[in-house]
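**Student:** When you get a sec, could you give me coordinates for this:
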Amino acid sequence: MLAAALTAVALTAVPFTGRVAAAEPVDLIASVDAAVAARLAEMGAPGAIVGVSIPGQVDYLSAVGVSDLATGEPMSVDDHWRIGSVTKTFTGTAVLQLVDQGRISLSDPISRYVDGVPSGDAITLDLLGRMRSGLFDYAEDDGFLNRVYAESPIGPDAFALAPRELLEIAFAHLPNFAPGAQYEYSNTNTVLLGLVVEKVTGQPLGDYLAQNVYPRVGMTQTSYPPNGLMPEPHSHGYTPLPSGGTVDATLWNPTWGDAAGRIVSNYPDVKSWAAALGKGSLLSPQTQAVRLQTAEVVPGGVSYGFAVFDANGWIGHNGDIPGYTTVAAYLPARDATLVVFVNSDEPQDHAAGQLATVVTEILTPEHVYRLGAAPPTASPDPAEG
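**Tutor:** Take a look at the predicted model:
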């Protein structure tokens, strides 16, 4: 998280009446409702959207709490959302599509596509996607973090940084380790992968995704925004300030998240994406298999592949950007999808991840979504995730 947790906002969770729960026992749904409401109140978060779909067992969807503290507007499953580092799964998919087309190879050094990368001849695209480059995370830079809070509240066009500016921040620091020596989550890796897509295709990454990714899985409400304006309807997002207090960060410009954390979407689209990502719908079976080759990064079984993690069988990613936390995952063992949104990044432990854990403890006890004591995305990074 960007800062320490603040005083909690106490709210009563109000279930969304449009929830689909026809095939499952009433007591099971009541248990999930109670667990979600209790954990949301415990975290002090304004609201959440929680969806778990398991064919033949349950199709659970609930929106609880409020999307706007100023007006009391209830949360809606149609609300648009900043999905933070779930963006990485889109960038990773774009890279792997180019691999399938024979236009690039994961063994290519990043120096072939981007100049000036420290150890660029030794850092492959594969190491970037698997978070093993050793490159410093620009979002860990103190000056960068200070600017996030000083400039973002000015307006939706403020604090707009181009990818090269983000890289300059990262490369001003020495690498943390030699390429391939270990795992360390870094947004810098995915920014570089986004530049590879742009270099090879001749298109801005947002345009490439809009033409080659979103429409192929029926995503109509997903965008790579040019500034901090949000499409309607949208949930407001609340973030803690280093100086204390909570602020509405809804219109903070996410462009500095770039290929690592910039995308805006909504529940139906993210549900579709979680399934497509886990199944490899946009990739060849061979490339999907390579993507899912993971190595443990957190004691307890959590592992990271190519821009995707495996959390006890759940394939996907989480997201954390000021005001919003997200989980989007797919469980091949049950053909199940899991999507959680919380409009706060205040809790020290990932808010959407906490709800994902309590829900899967009930619905998929053999596959509880849990990232362990040190999740792959744990950092003071506003685009973590």
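**Student:** which regions of the stretch 1-150 of the chain sit below the pLDDT cut-off?
**Tutor:** Along the stretch 1-150 of the chain, segments meeting pLDDT under 70 span 1-26.
**Student:** mind listing the helices for it?
**Tutor:** Ranges of helices in the stretch 1-150 of the chain, per DSSP state H, counting those that start in this stretch, are 26-43, 87-100, 125-129, 142-151.
**Student:** And Asp108, how far from Asp248?
**Tutor:** 43 Å (Cβ to Cβ, to the nearest Å). (Each C-beta comes from the backbone N, C-alpha and C, glycine too.)
**Student:** typo on my end, Ala275
**Tutor:** According to Cβ to Cβ, Ala275 stands 32 Å off from Asp248.
**Student:** cool, Gln293 as well?
**Tutor:** Per Cβ to Cβ, Gln293 is found 41 Å from Asp248.
**Student:** Those two: which has the busier surroundings?
**Tutor:** Asp248 (17 against 11; other Cβ atoms under 10 Å).
**Student:** Name all residues that make contact with the closest residue to that one other than its chain neighbours.
**Tutor:** Leaving aside its chain neighbours, Asp248 sits nearest to His236 (5.5 Å; criterion: Cβ to Cβ, 6 or more residues apart in numbering). Neighbouring residues of His236 by Cβ atoms under 8 Å, 6 or more residues apart in numbering: 46, 67-70, 248, 250, 323, 343.
**Student:** of those, closest to Arg132?
**Tutor:** Gly323 (29.9 Å; Cβ to Cβ).
**Student:** Leaving out sequence neighbours, find the closest residue to that closest one.
**Tutor:** Closest residue to Gly323 apart from its sequence neighbours, by Cβ to Cβ, 6+ apart: Gly237 at 2.2 Å.
**Student:** Strands of the stretch 151-300 of the chain, residue ranges please.
**Tutor:** 238-240, 246-248, 264-266, 295-298 (DSSP state E, counting those that start in this stretch).
**Student:** So for the second one, mean pLDDT?
**Tutor:** Per-residue confidence for strand 246-248 averages out to 97 on the pLDDT scale.
**Student:** coming back round to it: need the strands of the stretch 151-300 of the chain in TSV with distance to Gln221, can you?
**Tutor:** Output for the strands of the stretch 151-300 of the chain, formatted as TSV (distance: least, Cβ to Cβ, whole Å):
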stretch	distance to Gln221
strand 238-240	22
strand 246-248	22
strand 264-266	5
strand 295-298	32
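**Student:** Out of those, the one nearest Thr222 is which?
**Tutor:** Nearest to Thr222, of all the strands of the stretch 151-300 of the chain, is strand 264-266, at 4.2 Å by Cβ to Cβ.
**Student:** can you list contacts of the closest one?
**Tutor:** 77-83, 86, 219, 221-225, 230-231, 254, 273.
**Student:** thought Ser53 was touching Tyr267?
**Tutor:** No: using Cβ atoms under 8 Å, Ser53 is not in contact with Tyr267, being 11.3 Å away.
**Student:** what touches both of these two?
**Tutor:** Leu61.
**Student:** Spit out the contact partners of the residue nearest to Gly323.
**Tutor:** Gly237 touches 82, 248-250, 321-324, 343-345, counting by Cβ under 8 Å, 6+ apart.
**Student:** Roughly how far does it sit from Lys199?
**Tutor:** 32 Å.
**Student:** Regarding this protein, what is its longest strand?
**Tutor:** Across the chain, the longest stretch assigned as strand under DSSP state E is strand 58-68.
**Student:** buried residues in it?
**Tutor:** Across strand 58-68, burial judged by 16 or more other Cβ atoms under 10 Å covers 58-68.
**Student:** can you redo those as JSON lines with distance to Ala210?
**Tutor:** Formatted as JSON lines, the buried residues of strand 58-68 follow (distance: Cβ to Cβ, whole Å):
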{"residue": "Val58", "distance to Ala210": "33"}
{"residue": "Asp59", "distance to Ala210": "29"}
{"residue": "Tyr60", "distance to Ala210": "31"}
{"residue": "Leu61", "distance to Ala210": "26"}
{"residue": "Ser62", "distance to Ala210": "30"}
{"residue": "Ala63", "distance to Ala210": "27"}
{"residue": "Val64", "distance to Ala210": "32"}
{"residue": "Gly65", "distance to Ala210": "31"}
{"residue": "Val66", "distance to Ala210": "31"}
{"residue": "Ser67", "distance to Ala210": "26"}
{"residue": "Asp68", "distance to Ala210": "28"}
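**Student:** wait, which of the residues you listed is closest to Leu167?
**Tutor:** Using Cβ to Cβ, the buried residues of strand 58-68 come closest to Leu167 at Ser67, 35.1 Å.
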